[in-house]
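Chemist: model this:
(3 chains)
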Amino acid sequence: MDFLNAIVALTNFVMIPAVAYGSQLALGALGVTLIYSILRFSNFAHGDTMAFGTMMTILVTWLFQSWGINLGPLPTALLALPFGILATMALVLVTDRTVYRFYRDQKAKPVVFVMVSLGVMFMMNGLVRFIIGPGDQRFADGERFIIKARAFKEMTGLREGLAIKTTQGITVVTAIVVVALLFWFLNKTRTGKSMRAYSDNEDLALLSGINPERVVMYTWLIVATLATIAGVLYGLDKSFKPFTYFQLLLPIFASAIVGGLGSPQGAIAGGFIIAFSEVTITYAWKKVLRYLMPDNLDPDGLVQLLSTDYKFAVSFAILIIVLLFKPTGLFKGKSV
Amino acid sequence: MSEPFLIGDSMTGGYGKGPDILHDCTIAVNPGEIAVIVGPNGAGKSTAMKAVFGMLNVRSGTVRLGGEDITSLSPQDRVIKGMGFVPQTSNIFTSMTVEENLEMGAFIRTDDISETMEQVYELFPILRDKRAQPAGELSGGQRQQVAVGRALMTKPKVLMLDEPTAGVSPIVMDELFDRIIEVARTGLPILMVEQNAKQALEIADKGYVLVQGRNAYTGTGQELLADPEVRKSFLGG
Amino acid sequence: MTDTMKHSLMFVAVGTLILLEGLTNWSFFSGSWNSSLVILNMGLISAIMALGVNLQWGFAGLFNVGIMGFTALGGLAVVLTATPPTPGAWSAGGPGVIMAMVMGALTVVSAVAVTRMLPKGRMRGLLMLAILIIGFVIYRALFDPAIGAIEAINPAISGNIGGLGWPVILSWPVGGLLAAGAAWLIGKTALGLRSDYLAIATLGIAEIIIAILKNEDWLSRGVKNVVGLPRPLPFEVDLQNDPAFVERAAGIGLDPVLASTLYVKLGYAVLFSVVLLALLWMAQMALKSPWGRMMRAIRDNEVAAQAMGKNVTKRHLQIFVLGSAICGIAGAMMTTLDGQLTPGTYNPLRFTFLIWVMVIVGGSGNNFGSVLGGFLIWFLWIKVEPMSLELIGLLTSGMGEDSFLRGHLMENAAHMRLFTMGLILLLVLRFSPRGLIPEK
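Modeler: Numbering: from 1, shown residues only, chains lettered A, B, ... in the order given. I've put the predicted structure just below:
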């Protein structure tokens, strides 16, 4: 019984949050990794692209809510999501036309692109704050839980409850669907293959008649979609705040690099590695250990390895370890 | 003499704004022929081929394909016009499977490519066995076959190979040459740059010996092999 | 017009902007000399930070986006150097903290030694893991009670280890040293990495430093802030109570309150200018020296420099430490000026990326350019808000006073400054990529 309680506590406080957070990071890291493999630079504006997409989705959600449209038990934001994606697509395409394309034609060095993305980051950040303000926004509605802790306790008779939030369920399901679609697109469609070809060998792709501008355009469209979905899922699960999204840049980059920059599989693996490490290292294990240890060995502290405020330190430490021992990441990424 | 199918006529030029590397150099090939460009290191062999393919600033002279002047076209446009080019290095998509490499070769085509792919597999049977493997995992000789196969997928009117045997063992080289002859027998003109002058000239219908960016000797492969001057200076006696 | 003249005119122009801030209240200028001097003082500090970043980026091409961390370490130095020691804190927790630190260092050193000495394999992995786990447990066992003891001392006003009680000016070089030490550690691990990996690594380090300042209450009181830091200049109130000062102020026709605030701010301006000029002079000497030429040679062609026998990594480490130290000094100066350490207010947009805008806009690779960029961008950072309020007011003047859109726009005008900074950066990168005062 104690063992079961421990398992449930572990699932409730570590596994479920980490899986949801990992899915969000993985989707974010996929966007970063795609930009890196096609446009060949680290996009510092990615967090703010996510923020923009989420903001647009929130605005449309509010509009729908004011019209009385909703999805019943599911959050209205899911209905607004396509509009958020479209707006983000428009934004990134305009950005590419007006900003990045010039440097592409110049064949500028990657670090110049990174600088430019810093400028874009500032502008998007300012734009989002200007439109929706810097504060916290909650926009999740509908049913809050798939399984409530109390219902679970009554059902199983265990002391520990297990709660699954609707947003966590949606996050995982959406992430699986999106990733499956993305891999199908990259591996099975002509356009997807041409993107991989371009990422693999740019000169040969040109010789094969692949139009780089089209590849770049498709990349931005996919990245806008991924960024918006990742942002909305994160916002539903926690809350939306422009600055938090900017700060997500660090765990997202850590995920992409740990997995191997440029490798989509790596981005997903990296997202979960970072999420699980962050959650396990900053979780207070007392609750779980209480069931497993004999009574006289009950831990008196919280058995928390690091305070939650150090979660950046966790992503970062993993990042450094991987970079030192396996610089191309776990799945072999590319190095420019 | 009638107009050859593909001709780089009296080309002079160099990379970008750099100095001229080619001087009044002429290269041509006709259907069913293998034309080989040989010469000492730094003679501008690859440069001459790149000039024909449009990767070089040709300041004077013209490149004509089937009588049409294509001097001002970009390499990509020349691919659309029917020129297939196999670069010396990085000539395959290493992370993609053999079959995907072939598909990407046919990217500009909108018709059914399965027939062409079948032909490539017949020409290079080993590729059929390895079609689901990432091309980067293949051996050097197999990679070159993928590279040639990729170029053939566009159904080009002329095939250009930049040192296809660079870095492969002599046995593999012989096999590659056999395949190239087979391709030529289908009527496809082949223009090739080769480091292994002797073997290449043996299979060549036409040979160009370049020295310092100029045509030094021109003739059939056999003529050049027999020419004592050529033998003395390039073929080691 | 010669370049020198053109560049001097640019400095004059920025100087005029700052003067106008004090002289006139036309449009977005406030007409307050206090505000003008505040901009000048922060401009001086910004110029020093830009100088440090320029050293790393302009001289050596190192992409450091962890400036915030080094600035914050400078701030911590002020607390640790200048505040009076907390009575009893050292005896309560000092030995514990030091032993914990030693233990932590020992753990890392022995883990590294194991990695170096033993052959690769499962044995090595397990041993290393064991060392790390045991080390961590002992570290926490020593550390937790020690900081508990420190934090228990008078938590309402101190609860931290306190400082050495030295004059606050000394904290500036100490800030430089602290930042240099951190930079050395980071450089040792991260400098071999590619440019964008280095960027991510430094970004992460900065966040960690801020997290430490926010959470390690025993060190910096965390988010409870350290206020009332000692200052190098007299307090305004004391000046106002000093009859001699009041008399002198009256002599030049100023009321004592205004005179005292201006006096203190001018005093800071003089101190900061001395530091800026000294650092600028050193940076110029370094740029012209063989060392500076070698740095730029390495930046322009690392492979060639390596082939010529230059130890690229070592040189990079040198300049990384130097540049970071300058940021640390500037950080200490800033905290001194503020009179308080507020770890919660460090934000990478303001403390890292804004400095980058200064360097790029001013002209990377040119020390004078960075200084100019520091002043100009800081002026804009402060003034874009009133400027955009003015602009939005003008654009929406057709709408009614109670229009929702107008209200929203006016309310959020403050956020235009991030947008504007991004726009300026993009425009400079596009149309004048070498900046206002390009590298010679």
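Chemist: and C:Tyr263, what does it touch?
Modeler: C:Leu239, C:Phe245 (CB atoms under 8 Å, 6 or more residues apart in numbering or on different chains). Where C-beta positions appear, they are placed from N, C-alpha and C, glycine not excepted.
Chemist: now it: how far from chain B?
Modeler: Using CB to the nearest CB, to the nearest Å, one obtains 62 Å as the distance from C:Tyr263 to chain B.
Chemist: SS state for that residue?
Modeler: Using DSSP: H, G, I helix; E, B strand; the rest coil, the structure places C:Tyr263 in helix.
Chemist: Equivalent analysis for the one 4 residues further on, please.
Modeler: C:Gly267 carries the three-state label helix when classified by three-state DSSP.
Chemist: so it touches C:Leu233, yeah?
Modeler: Yes. With contacts defined as CB atoms under 8 Å, C:Gly267 counts as touching C:Leu233 at a distance of 4.4 Å.
Chemist: OK, contacts around the residue nearest the centre of chain C?
Modeler: Nearest to the mean C-alpha position of chain C, counting by CA atoms, centre = their mean, stands C:Thr71 at 3.0 Å. Contacts for C:Thr71 (CB under 8 Å, 6+ apart) come out as C:Met49, C:Cys327, C:Gly328, C:Ala330, C:Gly331, C:Met334, C:Tyr346, C:Phe351.
Chemist: So C:Ile209 is in contact with C:Ile67, correct?
Modeler: No. The criterion here is CB under 8 Å, and C:Ile209 misses it with C:Ile67 at 10.9 Å.
Chemist: what helix or strand is the residue nearest to the centre of chain C on?
Modeler: Taking DSSP states H and E as the criterion, C:Thr71 maps to helix C:67-82.
Chemist: could I get that helix in PDB with only the CA atoms?
Modeler: Below are the C-alpha coordinates for helix C:67-82, written out as PDB (Å, rounded to 0.1, in the frame of the first residue of the first chain):
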ATOM      1  CA  ILE C  67      26.600  41.000 -18.800                       C
ATOM      2  CA  MET C  68      23.700  41.100 -16.300                       C
ATOM      3  CA  GLY C  69      25.400  38.500 -14.100                       C
ATOM      4  CA  PHE C  70      28.700  40.400 -13.900                       C
ATOM      5  CA  THR C  71      26.900  43.600 -13.200                       C
ATOM      6  CA  ALA C  72      25.000  41.900 -10.400                       C
ATOM      7  CA  LEU C  73      28.200  40.500  -8.900                       C
ATOM      8  CA  GLY C  74      29.500  44.100  -8.800                       C
ATOM      9  CA  GLY C  75      26.400  45.000  -6.900                       C
ATOM     10  CA  LEU C  76      27.000  42.100  -4.500                       C
ATOM     11  CA  ALA C  77      30.600  43.400  -4.000                       C
ATOM     12  CA  VAL C  78      29.200  46.600  -2.600                       C
ATOM     13  CA  VAL C  79      27.300  44.700   0.000                       C
ATOM     14  CA  LEU C  80      30.200  42.500   0.900                       C
ATOM     15  CA  THR C  81      32.800  45.200   1.000                       C
ATOM     16  CA  ALA C  82      31.100  48.300   2.300                       C
END
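Chemist: what does chain B put close to chain A?
Modeler: Contact residues (CB under 8 Å from any CB of the partner chain) of chain B with chain A: B:75-76, B:79-80, B:85, B:87, B:90-96, B:100, B:103-105, B:107-108, B:150, B:154.
Chemist: For PyMOL, write a command that selects the buried ones of those.
Modeler: A single PyMOL command selects the buried members of the residues of chain B next to chain A (16 or more other CB atoms under 10 Å in any protein chain shown):
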select buried, chain B and resi 75+76+79+85+87+91+92+93+95+96+100+103+104+105+107+150+154
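Chemist: Show me what the helix ranked longest in chain B is packed up against.
Modeler: Among all segments of chain B classified by DSSP state H, the helix with the greatest residue count is helix B:170-185. Other elements packing on helix B:170-185 under the criterion 3 or more CB pairs under 8 Å, 6 or more residues apart in numbering or on different chains; DSSP states H and E are strand B:34-38, helix B:114-123, helix B:140-152, strand B:190-193, helix B:197-203.
Chemist: I'd like the ones you listed as a markdown table, with mean pLDDT and distance to chain C appended.
Modeler: Output for those, formatted as a markdown table (pLDDT from 0 to 100; distance: least, CB to the nearest CB, whole Å):
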| stretch | mean pLDDT | distance to chain C |
| --- | --- | --- |
| strand B:34-38 | 92 | 32 |
| helix B:114-123 | 92 | 38 |
| helix B:140-152 | 92 | 27 |
| strand B:190-193 | 93 | 28 |
| helix B:197-203 | 87 | 33 |
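Chemist: Let me know which of the ones you listed is the nearest to C:Ser195.
Modeler: C:Ser195 lies closest to helix B:140-152 among those, at 31.5 Å (CB to CB).
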